[in-house]
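Trainee: sequence first, predicted model second:
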Amino acid sequence: MNLSFTPEQTAFRHEVRAWMAAHVPADPLPSFDTAEGFAAHREWERTLSQGNFGMVTWPKAYGGRALDLVQWLIFEEEYYRAGAPGRVNQNGIFLLGPTLMEFGTVEQKARFLPAMAAGDEIWAQAWSEPQAGSDLAAVAATAVLDGDDYVLNGHKIWSSRAVFADWAFVLVRTEAGSQRHKGLSLLLMDLKTPGVLVRPIPQINGEAGFAEIFLENARVPAANRLGDEGQGWHVCMATAGFERGLMLRSPARYQQAARRLAALYVRHRDEVDPALGRDVAQAWMDAEAYALSIYSTACRLSAGGSIGAEASCNKIFWSEMDIALHQTALAVLGPRAELLANGPDAGDVGDWLGGYLFSLAGPIYAGSNEIQRNIVAERLLGLPRG
Amino acid sequence: MNLSFTPEQTAFRHEVRAWMAAHVPADPLPSFDTAEGFAAHREWERTLSQGNFGMVTWPKAYGGRALDLVQWLIFEEEYYRAGAPGRVNQNGIFLLGPTLMEFGTVEQKARFLPAMAAGDEIWAQAWSEPQAGSDLAAVAATAVLDGDDYVLNGHKIWSSRAVFADWAFVLVRTEAGSQRHKGLSLLLMDLKTPGVLVRPIPQINGEAGFAEIFLENARVPAANRLGDEGQGWHVCMATAGFERGLMLRSPARYQQAARRLAALYVRHRDEVDPALGRDVAQAWMDAEAYALSIYSTACRLSAGGSIGAEASCNKIFWSEMDIALHQTALAVLGPRAELLANGPDAGDVGDWLGGYLFSLAGPIYAGSNEIQRNIVAERLLGLPRG
Amino acid sequence: MDFAFSDEQQAFAEVVRNLLRAECTAAHLRRLIDSGAARDGDRWRQVLDLGLTGLMVPDAKGGLGLDETDFVLIAQACGHAALPEPLVEQTGVVLPLLAAIDHPRACAWLDRTLTGEVTVALSHPSNPFVADADTAAALLLVHDGALHLVESPVVELIAQPGIDPFRRLSHVIWTPSTHTLVADSRTAAPLLATALERGAIFAAAQSIGLAERSVELAVDYAKERIQFGKPIGVNQAVKHLLATAQVKIEFARPVVFAAAAERAADNALSRARASHAKLAAAEAASLAARTAIQVHGAMGYSWEVDVHFLLKRALALSGVWGDESFHRARVRAHAISAADIDHSFAWTALKEVAADAA
Amino acid sequence: MDFAFSDEQQAFAEVVRNLLRAECTAAHLRRLIDSGAARDGDRWRQVLDLGLTGLMVPDAKGGLGLDETDFVLIAQACGHAALPEPLVEQTGVVLPLLAAIDHPRACAWLDRTLTGEVTVALSHPSNPFVADADTAAALLLVHDGALHLVESPVVELIAQPGIDPFRRLSHVIWTPSTHTLVADSRTAAPLLATALERGAIFAAAQSIGLAERSVELAVDYAKERIQFGKPIGVNQAVKHLLATAQVKIEFARPVVFAAAAERAADNALSRARASHAKLAAAEAASLAARTAIQVHGAMGYSWEVDVHFLLKRALALSGVWGDESFHRARVRAHAISAADIDHSFAWTALKEVAADAA
C-alpha cells in the first residue's frame, strides 16, 4: 500500500492541468439541455478530442491514450479542478463505449468509437418505457427483422439529452411474444431515422433534459445490433455495471464541491448556525471517503479484479452525499438560497440551487436506490430474494 | 384552542407536586429487574396507591380517581419532574387494566383491578413465543378446556418482569387446529400455578428483565378467560392499541430527559463540539413536539374521538427520539460515556449509558418499528397490503 | 387546556379549501405560468370575496378581530394548494401590521386593503427581498428601524428571479422622507417583531400543507403505478419512505398549531415555539417533497408531475421569515439558557398561572 | 499509487484471523466472563506465540520493523473477534512508544514486553482512565507532559467499571520522581502525539471489524429466522437496514486503511485522516450493532445473542483516543482552514511531490 503518485502519474497530472488551464472556457457554458448549450458542449468535446483528451482510458485506435484507471482518476481531478464543462456525451463515452468494446464487432468499434471520442456523434440511452422503469424487463418496444433491417415500433421515455443527440442505444424485444429478460436485443439507432419522433420532456427546472421517443416502423440495420440477438438484457446489465462503476461519478466532482462548500461556509461563518460547520466537515469527509474507495477499487481492477455489487454501494453513497452537501450549502445561503444564479443580486449564491435540484435525481436514475439496496442485500450480503 | 390550564387542573398539579415532594424516595430505587429492586418498586406502588395515585384515570370503584386524560398527563409531568420510580406494574395498569375495563366481566374487574391499582398484584404479559414474535398470529401454546379449567401447554418468551411478577395475561390457542388469528383466547394466569415454570433471560445489561415461561398442563380456571373464547386476537389488538396509545410513554419522560440533557450540555459546553448544541436543541424540540401531539390527542379523545394508526406514528417517534437523545448525551460525555453510573470516578455521567441501552429496545418492543411503518403506510395512508 | 379548533374555525378553513380545490388546481397553476401574469385575477377576486383579508384586524378598524388560531388552518390550506396569490402574507402579516400603526396614512391604506382593492407589500428586515412588490399599490419599508409607507409609483423595483415561479421577489430602491414615515423606530420595533413571529408561523402552516399534499400525490401514484406486476406501493421500501415522511408531518403539525395559539403570549417560550414550528414544518415539507419525487421516479423529476411546485414553494418558504440558522439559534438559546429550571410546555404554563395569581 | 495490501500483509492477518476464529468464539468470551479473569491465559499465550508483539518495533530494537499498514488488518481482525486481550494497544501503541523512548529502563521493559513475558499499560492524556493496568507489570504515566515508567507494585489502582466487560479501566494513583522519569516533556510530546494517532487509527480498525461482524451475525439470523412463513431477510425493510449499514462500512474501511498508510507523513492531512477514520468507523460500528440488534428483535436485546459484546466494545472504543468532539474539531479545522486551496487527498499528494522536487 502506497498512496503517493509515481513521477509518471504526476507528470500526466501536470500535463492535464496545463492543457485545461489553456483550454477550459473562462465562462460556464449554457446548460447542455438547451440547443445553444448543447452545441457549445459538443464543440468542447471536439476541443477535448483535439487535445487527445476525449477518453484517455480508451485504446489509441479509438481515439484514446490507453491509460489506466488511476490515470483516469487523475484526469478527472484536474478536469473538475479546472471547472471544465460537463460531458454532454457521457452516455456514449462512459456507458455505451465500454459496452461496445466488450460486445461490439470489429466493424462496430471502428465505426462508432472514434466518432464518439471525437464528439462528432453524441449518444442517448433509450431503455425505459412508460410501463418499464425500475422494472426494465417489462420492455415492450418491438423490433422485427425484415431483410437486413429491424423494423422498430414502440415508445421510449426518460431519454436524457435525446432531444439534441445524434444516436441512441435502444433496448427492444426482438423475439415476438418473449417474456421478461428473454428475447431482448440492444440496437444502435440513428435518431434521424425516418419513423423516429423525439418529443422533449421538460424537467423540474423547465429545461428539456429528457425526451420521449416514438418509434413507428423505424428501420435499423441488423448490423447495428450490439451483441447477439436475444442477449440484450445481458448487454444492458453490463452497461449498468459500467454506469454504477467508476465512470459516471468521479470523486473529483464531490471533492471540488466540498471545497466550494467550505469556501462558502468560511465566507458566511459569522452569520450562520455554528453546527453547519459539522455538516461542512462531513461533506469533506464523505467526498474523501468516496475518493479513497474509488481509488481502492481502481487499483483492484487494474490488478485484474472485478467490481460487483459494491458498485451499488457507490451509487447509494454518492447520491446521498450529493443531496446532503447541497442541503448544507442551501442552509448556509439561508434566505438567499431561493435565488437563481443569474439574478441581479444573486452575489455568491452560485448554482447550489440548481445542483440541489439535480441531486434529487441521483437516488432515482441509474437504478433507484431502493433497487440498489436490494442488490446490496441480496448479492453482497446474501439475503434471500423472497 | 386554548393551551392554558384551568384552575382545577393547576390545583391538581399542585396536589400531585406536593405529594410527590413528600413521598418520592430520595435515592433512586435499585433496578426492578432485580429481586431487591422489584420488592422496592412494589412497595412504591403501594405507597402511590395509599396516596390514591395508583391509577388516577381509573374509576373510583377500582382504586382510581376518574380523572381525564389531560389530568393524567399533568400527573405524569409531576411524576417525572419529581424523579419518581419507574412503574413496575406498567403492564398491568397501562395495558391489561384498560383491556379488562373494556372486555372483562363485572366479577373479573372487581377481582383484578383494585389489586392491580394497589400494587398487590404485579402483572406480566405472556404473548410472544420462540416462533411467534413480529408474527404474533403464529402462537402455538394451547389451552384445552377440562371441566371448569383450561389446561395450558406451550412455551412463552420475552415476558418482561415475569421473573418476579404475580400474574400473567397469556395468549393461547383454545381451538385445536385453528390457524393464525382465529381460535385464540386471552387468559389471566396466576404465575404460581403448578405446571408454570419461569426461567429468567438476562438482558443486554445482564439483568433478568425478560423471562421465558414453560407451561406444562398448567390449569387456569375458565372464569379467567378475558373476552369470549376465540376472541383473543381481537382483545390483544385492543391491548396493543393501549400500548401504543397515551399510556406507556408519557411525554413528561422525554421533556425531563431533554432538560437533563441540556443541563449536561451546559456543564460541558466548553469542552465539546459546538454542533452538539444543535442536537440538544433538537432533543428539546422533539420532546415538546411529542408533548404537544399527545396533548392534542388527549383532547380529541376526551371529546369522544378515537385513536387509530396515528398511535403507530407515536411509537416510531418516541423510540427514535429516545435513541437520538441518548446518543447526544453520550457524545457530550465523550470518553466518560463508557463508565457505569456507580463507578468511583463516574462523576456526573449518570445513567445515560443504561438509558441508551434501554432505548435500543424501543424500536423493537410493543411491535417493531418496521411493523409500525407498515401500519402507518397501510392504515393511515391507504397503501396496498401487497 | 383545549387543543381543538372550534367548529367555526374549521368551517372557515373548509370554505377556503373548497374554493382552492376548485380554483387552484395544478392545471390552474400551469395556465398562470403560461400567461406570464403575477396573479390569477379571477381567483384572487373570489378569495377576496370570502371576506377574510381583515380576519386579524381589530373590529374597531373594520376587521373580524380574530387571531392566529383563526387563520392557521387557512394558511395550511393555502400551502396545500400552493396558492400563488398573497393571501397568507396580506391577511396574516401585512394587514394586522397596518392596523397596528397609529398613523392616518396607515389607516387609509388599511381601508383600501380591507376591501381588497389593493395590496400592500412589506419589506421586513428578516427578508432580503420583497415578495409581490410588483403587484402592490404601496410598500411598507424599513429605514433605520423606522417604518415608512411608500406608494408604488415612487419606488424602483429590481426583479430577483427565484426558484418558485409564483413568488415574485424584488429589491426595492427608494428614498425615505418625513412624508413617508409612519412609525418611528421605537414604535416600529415591536410591530416588526410581531410581524416576524406571524410570518414564521404562517410560513410553517403553509409548509405543513405542502408536506401533506406531497404525501397525498405520492400515495396516489404509488397505488396506481404498476412495476413488476404490482402497484409500487406494495413494496416495503416505498411504504416506509412515505411512513417516515408522514411521521415528520404528524409531529410538526401540532407544534405549528401551538405556536399560533401561544403567539399572543409573546414570551420566550412563544418565540421558541414559533422557531420550532418553522424548523419542523420546513423539514417536513422538504422531506415529503423529496420523498414524493423519489416515489414518482423519473416522473418525479419532470415538469409534468405537480410535485415540483410543492418542492419549490417549500424551498422558498424555508428561508423567509428567519432562516434555519436564525430559528435554530433561538431554540437552542431557549433550550439551554435555563436547563435547570422548568421551561417546557406544561411547566411554563404553570409558572405563568402562578405569576398571574401572585 | 497502490491501494492494495501485499500478500505478506494479508497472510499475516489471515494467521491471526484463523487463530481467533478457533480461540476467540462467543463461547470463549462467555467462559472468560464467568471465570472473572482479566485474560484467557491460553489464548494470550497463543497470540504471543505468533511473534507479533514487536511488529512495529524497529529491527535494531528487536522488532520486525514494520509499520501501520502491516498492523491495520490485524487490528481489524481483533475487533471482529472482540478480542479481550490487549494485543492492539500493546503492538500498535505501547511497544512502538517504548521503543522510541531513549532511556535504559524503557529499553529493558521493551525487551520484556517483546518476549510477551509482561505487558506495559499506557496512561495517555487523551484517555481519562488506563486500560488493562491491573494486568500490567509496569505503567507508562504522564506528569506535566513528561513520561514516567513506573512498576505496578508502587501504584494504586482504582477500578472504574465500564460497559465493556472485557475492558478493565483504572484510575491510577502514583508519585512521579526523578527515578521514574524516562522522557522529559519536550521529548515526550511528539511521542505521545504519535501514540494518539496510532491509538485512533487502530481503534478505528477494530471498529470496522466490529461492524463487519455485526452485519454478519444479523445476516445469518435474517436468513434463518422465520416469521409470517418466510425468513425475515426477505423483507425489504430488513434488507434495506442491513444494506445501509453495509454502505457505512464500505466507505469507512478505505479511510481507515488510508489513515494507516498516511500516518508516517505526520502532517495536517494525515491527522485529519486519522480523525476521519475514527469518526467514520465508530459510526459504522454503532450503526451496524444497532441494526443487528434491531434485526434480532427481542433476541437482540438479550444477553444470549452475541451482538451486545460488539455493541459494548464499539461504545467503549468510540470515546477513547480522542472522542467525537475532538476528532470532529480536527476534521473541521482541516476542511475549512484552507477552503480555497487544494487540500484533498490527491491534490495534497501532488503538492508534496512538488515540494519534494523543489
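Mentor: Structure received. Everything numeric in this text was worked out from a predicted model, so none of it was measured.
Trainee: the residue in chain A that chain D sits nearest to: how many residues sit nearby?
Mentor: Using Cβ to the nearest Cβ, the single residue of chain A nearest to chain D is residue A:386, 2.8 Å away. Where you see a C-beta, it was placed from the backbone N, CA and C, and this is true even at glycine. By the criterion of other Cβ atoms under 10 Å in any protein chain shown, residue A:386 has 14 neighbours.
Trainee: helix/strand/coil for residue A:219?
Mentor: strand (DSSP: H, G, I helix; E, B strand; the rest coil).
Trainee: excluding chain neighbours, give the residue nearest to it in space.
Mentor: Leaving aside its sequence neighbours, residue A:219 sits nearest to residue A:149 (Cβ to Cβ, 6 or more residues apart in numbering or on different chains; 4.3 Å).
Trainee: the residue of chain A closest to chain D - nearest residue in space that isn't next to it in sequence?
Mentor: Among residues not flanking residue A:386 along the chain, residue D:234 sits closest, at 2.8 Å (Cβ to Cβ, 6+ apart).
Trainee: the one you found is in contact with residue A:384, isn't it?
Mentor: Yes. Residue D:234 lies in contact with residue A:384 (Cβ atoms under 8 Å); the separation is 5.2 Å.
Trainee: of these two, which one has the most company?
Mentor: Set residue D:234 next to residue A:384 and count neighbours by other Cβ under 10 Å: residue D:234 wins out with 19 against 15.
Trainee: do you know how far the more buried one is from residue B:375?
Mentor: 19 Å (Cβ to Cβ, to the nearest Å).
Trainee: kindly report the same for residue A:188.
Mentor: For residue A:188, the distance to residue B:375 equals 50 Å [Cβ to Cβ].
Trainee: residues making contact with stretch C:41-53?
Mentor: For stretch C:41-53, the external contacting residues (Cβ atoms under 8 Å, 6 or more residues apart in numbering or on different chains) are C:12, C:15-16, C:19, C:23-24, C:28, C:64, C:74, C:83, C:85, C:87, C:90-91, C:95, C:113-114, C:116.
Trainee: so which of the residues you listed are also by chain A?
Mentor: Here nothing survives when those are matched to chain A using Cβ under 8 Å from any Cβ of the partner chain.
Trainee: list buried members of those by neighbour count.
Mentor: Buried by 16 or more other Cβ atoms under 10 Å in any protein chain shown: C:12, C:16, C:19, C:23-24, C:28, C:64, C:74, C:83, C:85, C:87, C:90-91, C:95, C:113-114, C:116, out of the contacts of stretch C:41-53.
Trainee: any idea how far the residue of chain C found nearest chain D is from residue B:365?
Mentor: Closest to chain D within chain C is residue C:236: 3.8 Å, counting by Cβ to the nearest Cβ. Distance of residue C:236 to residue B:365, computed by Cβ to Cβ: 20 Å.
Trainee: give me the more crowded residue out of those two.
Mentor: Using other Cβ under 10 Å, the more surrounded residue of residue C:236 and residue B:365 is residue C:236, with 20 against 17.
Trainee: correct me if wrong: the more buried one contacts residue D:232.
Mentor: No. Counting by Cβ under 8 Å, residue C:236 does not reach residue D:232; the two are 11.6 Å apart.
Trainee: coming back round to it: per-residue pLDDT, the residue nearest to residue A:219?
Mentor: Listed pLDDT for residue A:149 reads 98.
Trainee: run a quick neighbour tally on it.
Mentor: Other residues close to residue A:149 by other Cβ under 10 Å number 17.
Trainee: and it, what are its bridge partners?
Mentor: Per DSSP bridges, the residues bridged to residue A:149 are residue A:146, residue A:221.
Trainee: then residue A:185?
Mentor: In this entry, residue A:185 is beta-bridged to residue A:172, by DSSP bridges.
Trainee: mind listing what it touches?
Mentor: A:143, A:150, A:171-174, A:225, A:227-232.
Trainee: if we go to 7 Å?
Mentor: For residue A:185, the contact set (Cβ atoms under 7 Å, 6 or more residues apart in numbering or on different chains) comprises A:143, A:172, A:174, A:225, A:229-232.
Trainee: now the residue nearest to the spatial centre of chain C, what's its secondary structure?
Mentor: By Cα atoms, centre = their mean, chain C has its centre lying nearest to residue C:203, at 2.6 Å. Of the three states, residue C:203 takes helix under three-state DSSP.
Trainee: tell me if I'm right that it and residue C:277 touch.
Mentor: No. Using Cβ atoms under 7 Å as the test, residue C:203 is too far from residue C:277 to be in contact (9.0 Å).
Trainee: which residues of the stretch 1-150 of chain A lie near chain C?
Mentor: A:128, A:133-135 (Cβ under 7 Å from any Cβ of the partner chain).
Trainee: same list, these, but as TSV with secondary structure please.
Mentor: TSV is the format used below for those (three-state DSSP):
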residue	secondary structure
A:128	coil
A:133	coil
A:134	coil
A:135	coil
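Trainee: neighbours of residue A:69, how many?
Mentor: Neighbour count for residue A:69, taken as other Cβ under 10 Å: 19.
Trainee: give me the phi and psi for the residue in the stretch 1-150 of chain C positioned nearest to chain A.
Mentor: Nearest residue of the stretch 1-150 of chain C to chain A, counting by Cβ to the nearest Cβ: residue C:128, 5.2 Å away. For residue C:128, the backbone dihedrals (degrees, to the nearest 10) come out as phi -70, psi -20.
Trainee: distance check, residue A:70 against residue A:102.
Mentor: Using Cβ to Cβ, residue A:70 is found at 21 Å from residue A:102.
Trainee: ok, those two, which is more surrounded?
Mentor: Neighbours per residue (other Cβ under 10 Å) separate residue A:70 from residue A:102, with residue A:70 holding more: 21 against 13.
Trainee: helix or strand for that one, just tell me which one.
Mentor: Assigned by DSSP states H and E, residue A:70 falls within helix A:69-81.
Trainee: can you name every helix or strand that that helix contacts?
Mentor: On a contact count with 3 or more Cβ pairs under 7 Å, 6 or more residues apart in numbering or on different chains; DSSP states H and E, helix A:69-81 meets helix A:7-23, helix A:251-268, helix A:276-302, helix D:345-357.
Trainee: which helix or strand lies directly C-terminal to the host helix or strand of residue C:29?
Mentor: According to DSSP H and E, residue C:29 maps onto helix C:26-35. Per DSSP H and E, helix C:26-35 leads on to helix C:41-49 as the next helix or strand towards the C-terminus.
Trainee: show me what the following helix or strand past that next one is packed against.
Mentor: The helix or strand immediately downstream of helix C:41-49 is helix C:68-81, counting by DSSP H and E. Applying 3+ Cβ pairs under 7 Å, 6+ apart, we find helix C:68-81 packed against helix C:7-23, helix C:87-89, helix C:185-224, helix C:253-262.
Trainee: if we go to 10 Å?
Mentor: In terms of contacts (3 or more Cβ pairs under 10 Å, 6 or more residues apart in numbering or on different chains; DSSP states H and E), helix C:68-81 is packed against helix C:7-23, helix C:26-35, helix C:87-89, helix C:185-224, helix C:253-262, helix C:268-296, helix C:307-319.
Trainee: which stretches of the stretch 51-200 of chain A form strands?
Mentor: Along the stretch 51-200 of chain A, counting by DSSP state E, counting those that start in this stretch, strands occupy A:123-126, A:142-146, A:149-156, A:167-173, A:184-190, A:196-201.
Trainee: ok so, going back, list residues touching both of residue C:203 and residue C:277?
Mentor: The contact sets of residue C:203 and residue C:277 overlap at residue C:256 (Cβ atoms under 10 Å, 6 or more residues apart in numbering or on different chains).
Trainee: residue of the stretch 1-150 of chain C with the smallest distance to chain B?
Mentor: Among the residues of the stretch 1-150 of chain C, residue C:3 lies closest to chain B, at 4.0 Å counting by Cβ to the nearest Cβ.
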